[in-house]
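Asker: Here is my input, please return the structure:
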Amino acid sequence: MTAEHRHSFNKGVIVFFALAFAISWGFWGLAIVAKDTALAPVGFYGGGFGPFLAALVVTWLSGRSPWGWFRSLWTWRVPFRFWVFTFGFPILLALLASAIHGLFGGEIVLRDIGARMVSWAPVFAAVTLIGGGNEEPGWRGFALPALQERLSPFTATLVLGVVWALWHLPLIGVRGGGFGAFWMSGPELLAAGLTLLSITTHAFWYTWLYNRTGSVLLCILLHGGYNAANARFVLVPEDSLHGADERQLLLVMTGLLVASVALLLVFTRGRLGR
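Answerer: Coordinates of the predicted model:
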């Protein structure tokens, strides 16, 4: 890599990260200021498009075609096993976490499993389009390949995972009481730390999937699958998703993720499918 190429690489990635934070945090700031008004949902959901918009802007500024970049995201002709992984892995994690949570004394509810299965599809569609999947053109469609131009898959993923986790800070900080009510006492700090670790750890599975398939589309669907599975296949009563029960479940889910990524790194020898 020439010095000129290296400078261009550094500038492009840094500008992308700065724009993604500025756009998203700006929208989420609007949601906080406009709490309980019609603008709050606009700010909340608009923030999720920050990485996508940042990638479009940086692609355009670099002289490349934004439309050409956008068209490159939708690779779908990949081996069937990767489709199975994309849809099945998030559900498997949610069910395993529920079972382990139950083994440690948490309450599990099975009576409404049919209703959860029926409602999964619309939840999946919503979160894929505006509740998480919409981030992926930026994170895995722009930042990941740019970082892997210069860094190893492991290092590139760790850098992106940490940035991606920190990008969520406004959402984590207001989690306790909705937008406008920050919560950072002792137990909540533990939950926030686990959430940041969980997000960072997730990044390794996205890298593996992208490197094996070249498909950002599958990363979009995987993100929607995680969020939908957490919403519909974590088999605990909704009224128990707070306090000690929530922290135990979060600890179990984070532990499962860390263990799965440790195995992924061993089996791929740190190459993450590249």
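Asker: show me where the stretch 101-250 of the chain has helices.
Answerer: Along the stretch 101-250 of the chain, counting by DSSP state H, counting those that start in this stretch, helices occupy 113-130, 136-138, 144-148, 153-167, 169-173, 186-213, 216-232, 243-268.
Asker: quick one, the fourth one and helix 186-213 angle?
Answerer: Angle of helix 153-167 versus helix 186-213, following axes from the mean of the first three to the mean of the last three CA atoms, to 10 degrees, is 140 degrees.
Asker: Need the CA coordinates for helix 153-167. PDB is fine.
Answerer: The C-alpha coordinates for helix 153-167 follow below in PDB (Å, rounded to 0.1, in the frame of the first residue of the first chain):
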ATOM      1  CA  PRO A 153      -9.700  -9.800   9.800                       C
ATOM      2  CA  PHE A 154      -9.400 -10.100  13.600                       C
ATOM      3  CA  THR A 155      -8.100  -6.600  14.100                       C
ATOM      4  CA  ALA A 156     -10.400  -5.000  11.600                       C
ATOM      5  CA  THR A 157     -13.400  -6.700  13.300                       C
ATOM      6  CA  LEU A 158     -12.200  -5.700  16.800                       C
ATOM      7  CA  VAL A 159     -11.800  -2.000  15.700                       C
ATOM      8  CA  LEU A 160     -15.200  -2.000  13.900                       C
ATOM      9  CA  GLY A 161     -16.900  -3.900  16.800                       C
ATOM     10  CA  VAL A 162     -15.700  -1.400  19.400                       C
ATOM     11  CA  VAL A 163     -16.800   1.600  17.300                       C
ATOM     12  CA  TRP A 164     -20.100   0.000  16.500                       C
ATOM     13  CA  ALA A 165     -20.700  -0.600  20.200                       C
ATOM     14  CA  LEU A 166     -19.800   2.900  21.200                       C
ATOM     15  CA  TRP A 167     -22.100   4.200  18.500                       C
END
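Asker: Could you list every helix and strand in contact with it?
Answerer: The helices and strands touching helix 153-167, judged by 3 or more CB pairs under 8 Å, 6 or more residues apart in numbering; DSSP states H and E, are helix 3-33, helix 144-148, helix 186-213. Heads up, the C-betas are built off the backbone N, CA and C, glycines and all.
Asker: returning to what we had before: would you mind finding the most buried of the helices of the stretch 101-250 of the chain?
Answerer: Highest mean neighbour count among those (mean count of other CB atoms under 10 Å): helix 136-138, with a mean of 27.
Asker: What are the contacting residues of it?
Answerer: 16, 20, 50-55, 70, 73, 206, 216, 219-220, 223 (CB atoms under 8 Å, 6 or more residues apart in numbering).
Asker: Any idea how far the least confident helix or strand in the chain by mean pLDDT is from the middle of the chain?
Answerer: Every helix and strand in the chain was compared by mean pLDDT, DSSP states H and E; the lowest is helix 3-33, with a mean of 84. Taking CA atoms, centre = their mean, to the nearest Å, the mean C-alpha location of helix 3-33 is offset from the chain mean by 17 Å.
Asker: Which other helices and strands does it contact?
Answerer: helix 39-47, helix 50-61, helix 144-148, helix 153-167, helix 169-173.
Asker: let's see it at 6 Å
Answerer: For helix 3-33, the elements it packs on are helix 39-47, helix 50-61, judged by 3 or more CB pairs under 6 Å, 6 or more residues apart in numbering; DSSP states H and E.
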